[in-house]
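Novice: Attaching a predicted model along with its sequence, questions to come.
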Amino acid sequence: MKRSEPGPKPRTLDRSALGDIELETGSGRPSPLMEMNAGLPAHLQELTDRARGYVEAASSANTRRAYASDWKHFGAWCRRQNLSPLPPDPQVVGLYITACASGGAVGSAGGTGTRKSKPNSVSTIERRLAAIGWNCTQRGMTLDRKDRAIATVMAGIRNKHAAPPRQKEALLPEDLIAMLETLDRGTLRGMRDRAMLLIGFAGGLRRSEVTGLDLGRDQTEDGRGWIEILDKGLLITLRGKTGWREVEVGRGSLDATCPVIATETWIKFARLAKGPLFRRVTGKGKDVGPDRLNDQEVARLVKRAALAAGVRGDLSETQREHLFAGHSLRAGLASSAEVDERYVQKHLGHASAEMTRKYQRRRDRFRVNLTKAAGL
């Protein structure tokens, strides 16, 4: 029997060119950091540790997790194709995003396997591409995304597979009021949920910004901002994507829908003095724990309350479950605030008016009928 010839060996990475860069952590996740030289004097070790902390702070934990997952996916595909992910090769990356777009990123080595995956969306492929570039940068290498092996393939993927974005439904004020009525005002959980919904809407906050709030400045290491209760309203200081910003949440016209009163009520009955503003309610709803809520809880709350209130009752329950999320609050404020656009842009922390307009979604379409206005 003729012995089959062994396949080509994967191209190996010259680690000497990387110095002491750590390619992978003990958990199997790619390290976002360049390992500092172990030969540094002892008096510089503290600065080295601080430098690592600053590198970690350069991106959010969610971004690092996503990039780590995408890098792992790319590395696994390269191994199956008998290739090495490093040093970065535009041709290899071009083939990888082609496999992602065609549903072949799970095939076996040589592309002869029968396993197929669902084709990735354009946005997912763009994120995977960004993750590869980011991980290469952390290792002191550069991926030229303008190389025609990548750029031309990516342009073709966009032209062939791009689809309109699937935006979450905006919750308008009447929807929010109906949702508030489904919450129990006499329980700690109900008080907390009312405050979360009202602050999320009136502040135009992302779900991570809602749960990242503290009662005061410099109270926790994982906080993303803090609140100050003033006579005229609530001043929220946030660390967002574009840096620090202040959000003014004024008092409402009615006590039942005032975000400031809802927040004061929650703080009073939960007996909060310091630390995270929104926490878990434990002990069958009678106790408040010390831990900060996960931002996914905001999305679950919005979805649950919207379904209970019968928002968009013209749709099936399955359709409604996919329609609402935490972003529905932020989009709801942008869609319903009847003020100059520049104020909405500043409130949401957008760098451009174009981004703000993407959030302005209303159900009463055709308010302006240019056909009739033109005389037809």
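Specialist: Received the coordinates, thanks.

Novice: Distance check, the nearest residue to Arg206 once chain neighbours are set aside against Asp147.
Specialist: Nearest residue to Arg206, sequence neighbours excluded (Cβ to Cβ, 6 or more residues apart in numbering): Arg330, at 6.4 Å. Yep, even glycine has a C-beta here, placed from its N, CA and C like the rest. Arg330 sits 37 Å away from Asp147, going by Cβ to Cβ, to the nearest Å.

Novice: Comparing the two, which shows the higher neighbour count?
Specialist: Each of Arg330 and Asp147 has its neighbours counted (other Cβ atoms under 10 Å); Arg330 has more, 25 against 16.

Novice: and that one, helix, strand or coil?
Specialist: helix (DSSP: H, G, I helix; E, B strand; the rest coil).

Novice: isn't it right up against Ala202?
Specialist: No: with contact defined as Cβ atoms under 8 Å, Arg330 and Ala202 do not form a contacting pair (10.7 Å).

Novice: Distance-wise, check the residue nearest to Arg206 relative to Ser336.
Specialist: 11 Å.

Novice: Which pLDDT value goes with the residue nearest to Arg206?
Specialist: For Arg330, the pLDDT comes out at 82.

Novice: for the one 10 residues further on, same thing?
Specialist: According to the predicted model, the pLDDT of Asp340 comes to 63.

Novice: same deal with the one 10 residues further on?
Specialist: Predicted confidence (pLDDT) for His350: 62.

Novice: try Gly140
Specialist: Gly140 carries a pLDDT score of 87 in this model.

Novice: Could you tell me how many residues sit around it?
Specialist: Gly140, neighbours per other Cβ under 10 Å, totals 11.

Novice: which ones are touching the closest residue in space to Ala162 that isn't next to it in sequence?
Specialist: Leaving aside its sequence neighbours, Ala162 sits nearest to Val122 (Cβ to Cβ, 6+ apart; 4.9 Å). For Val122, the contacting residues are Ala101, Ile157, Arg158, His161, Ala162, Ala163, by Cβ atoms under 8 Å, 6 or more residues apart in numbering.

Novice: Val260 now?
Specialist: Ile229, Gly233, Leu234, Val249, Gly250, Arg251, Gly252.
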